[in-house]
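> below are the sequence and a predicted model for it; my questions follow.
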Amino acid sequence: MSFPVITIDGPSGSGKGTISQLVAQKLGYHFLDSGALYRVTGVAAKFHGVAMDDEPALAQIAANLDVRFETGADAGVKIILEGADVTREVRSEEGGMNASRVGALPTVRQALLARQRAFAVQPGLVADGRDMGTVVFPDAPVKVFLTASARERAQRRYKQLLEKGESVSFDDILADIEARDERDSSRAAAPLKPAQDALLLDSTGMSIDDVFNAVMRAFEDRVIP
Ligand SMILES: Nc1ncnc2c1ncn2[C@@H]1O[C@H](COP(=O)(O)OP(=O)(O)O)[C@@H](O)[C@H]1O
Ligand SMILES: Nc1ccn([C@H]2C[C@H](O)[C@@H](COP(=O)(O)OP(=O)(O)O)O2)c(=O)n1
């Protein structure tokens, strides 16, 4: 068995973050929210007046992110960029769209690669993203590609943002999700697609518990002899 890394890739709103954190908690593994690094790169670019298509400047920003993730007791993870709490900007839909834009740039991806791989330390790692199983951790023993219909994912994200007090419209969320799906899966660099050896899991109509149990079964089948 190679180093215990579980990768959970998939499009926006499929439940990657939720399931990855539950699995990491259950196994006592570390958790990598790779999307947050792309989101923070977009926020930092905005901070410094850098355009979302200025690849050299964005790669420089990505390579030098001054960011830390503070895990609070109940308020979830706080994201501190250059000393400022940017959690709300990072988690916003605009944050997701800009992350998708900078994520299409090969040198930005290269600049974030080592930082992501550094999360793979004992006793193990659960990594959520778009290319965890295809590019960042190709030798992971357990790979899951989690998806759901665009409408189901938009409904989930819509509910999630409303619960955070964001004023959003379902139609806008659906359009954002479809735009990001298209950009993330059609880009040349590390496109969103299942790894050859990934378990494909369509969570449309599945509860969080059902998805969690399916991922744990995959772990037990592939990692525990
Ligand atoms: N199987 C599911 N059924 C219903 N809601 C879900 C399911 N999985 C996740 N959710 C909810 O959908 C929202 C988006 O989930 P999240 O984990 O942020 O997705 P992703 O990280 O793939 O964008 C969250 O509010 C989460 O609680
Ligand atoms: N490993 C990753 C993770 C995210 N990205 C890009 C593409 C995604 O649309 C954005 C945002 O990703 P994130 O996982 O935070 O977004 P969702 O929670 O899935 O809505 O970042 C990427 O290119 N590679």
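All right, it came through fine. Ligands and ions are numbered 1, 2, ... in the order given.
> what's around V121, how many residues?
10 (other Cβ atoms under 10 Å). For every residue, glycine as well, the C-beta is placed using N, CA and C.
> OK, contacts around it?
V121 makes contact with H30, according to Cβ atoms under 8 Å, 6 or more residues apart in numbering.
> what's the spacing between it and H30?
Distance of V121 to H30, computed by Cβ to Cβ, to the nearest Å: 7 Å.
> over to G124?
From G124 to H30 the distance is 7 Å (Cβ to Cβ).
> could you do L125 as well?
From L125 to H30 the distance is 5 Å (Cβ to Cβ).
> of these two, who's got more company?
Taking neighbours as other Cβ under 10 Å, L125 and H30 compare with L125 leading, 25 against 16.
> which strand residues bridge that one?
V5, H30 (DSSP bridges).
> now do the contacts for it.
L125 touches P4, V5, I6, A24, Y29, H30, F31, L32, F119, F137, counting by Cβ under 8 Å, 6+ apart.
> next, format these as a markdown table and append pLDDT and distance to ligand 2.
Below are those laid out as a markdown table (pLDDT from 0 to 100; distance: Cβ to the nearest ligand atom, whole Å):
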| residue | pLDDT | distance to ligand 2 |
| --- | --- | --- |
| P4 | 92 | 19 |
| V5 | 96 | 14 |
| I6 | 97 | 15 |
| A24 | 97 | 15 |
| Y29 | 96 | 18 |
| H30 | 96 | 16 |
| F31 | 96 | 13 |
| L32 | 97 | 9 |
| F119 | 96 | 12 |
| F137 | 97 | 11 |
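> ranking those residues by neighbours, who comes first?
Tallying neighbours with other Cβ under 10 Å puts I6 at the head of the contacts of L125, with 30 neighbours.
> roughly how far does G95 sit from ligand 2?
According to Cβ to the nearest ligand atom, to the nearest Å, G95 and ligand 2 sit 8 Å apart.
> thinking again about what came up before, could you pull out the residues contacting both of L125 and H30?
Shared contacts of L125 and H30, counting by Cβ under 8 Å, 6+ apart, come down to A24, F119.
> quick one: buried residues of the lowest-mean-pLDDT helix or strand in the chain?
Ranked by mean pLDDT, DSSP states H and E, the helix or strand of the chain with the weakest confidence is strand 67-71, at a mean of 91. Applying a neighbour-count criterion of 16 or more other Cβ atoms under 10 Å, one finds V67 buried in strand 67-71.
> list the helices and strands the helix or strand that it is followed by packs on?
Downstream of strand 67-71, the next assigned helix or strand under DSSP states H and E is strand 77-81. Applying 3 or more Cβ pairs under 8 Å, 6 or more residues apart in numbering; DSSP states H and E, one finds that strand 77-81 makes contact with helix 34-47, strand 67-71, helix 87-91.
> alright, calling it a day.
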